[in-house]
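K.L.:
Okay, predicted coordinates and the sequence, questions at the end:
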Amino acid sequence: MVGFAGFPGGQNPEVQALITNDDGVDSPGLAALAEVAVEAGLDVTVAAPSWDSSGASASLTAVQQDGRFLVEERDPVVPGARWFSVEAAPAFIVRAGMEEAFGPRPD
């Protein structure tokens, strides 16, 4: 089992993990990372761009409608994780996650 620093065996469901990438919400690497994090006992939220945003990952851009950025909650690719497709670049997604846009603030 993969361990999370500070928690024996990695089992601590109170640790909130936000996982994103710049390859898009459907990338296989995102699912692999989420699976490892769930197996380590983390409370996992995946929120990633709805498109491949490689090269723009540090930008703070998002598509909005009626003053809100667009988010689609999806069925999780990995059981035990929450999964969101976001019309935004990864840096914007992380910033939104820190403001609890996808659930509890990540650790």
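P.N.:
Done, it's in.
K.L.:
low-scoring stretches of the protein, by residue?
P.N.:
Applying pLDDT under 70 to the chain flags the ranges 1-13, 57-58.
K.L.:
ok, the closest residue to residue 56 other than its chain neighbours to residue 75 distance?
P.N.:
Once flanking residues are discounted, residue 56 sits nearest to residue 89: 5.3 Å by Cβ to Cβ, 6 or more residues apart in numbering. Placement of C-beta: from N, CA and C, glycine included. Noted for residue 89: a distance of 24 Å to residue 75, by Cβ to Cβ, to the nearest Å.
K.L.:
What segments of this protein are strands?
P.N.:
16-19, 43-49, 64-65, 68-69, 71-74, 81-86 (DSSP state E).
K.L.:
got the contact list for the most centrally placed residue in the chain?
P.N.:
Central residue of the chain (Cα atoms, centre = their mean): residue 46, 2.6 Å from the mean position. By Cβ atoms under 8 Å, 6 or more residues apart in numbering, the contact set of residue 46 is 19, 20, 25, 30, 34, 76, 77, 78, 81, 82, 83, 84.
K.L.:
Would you tell me which helix is longest in this protein?
P.N.:
helix 28-39 (DSSP state H).
K.L.:
circling back to that earlier point, the residue nearest to residue 56 contacts residue 55, doesn't it?
P.N.:
No: shown here, residue 89 and residue 55 do not form a contact pair, counting by Cβ atoms under 8 Å, at 10.0 Å.
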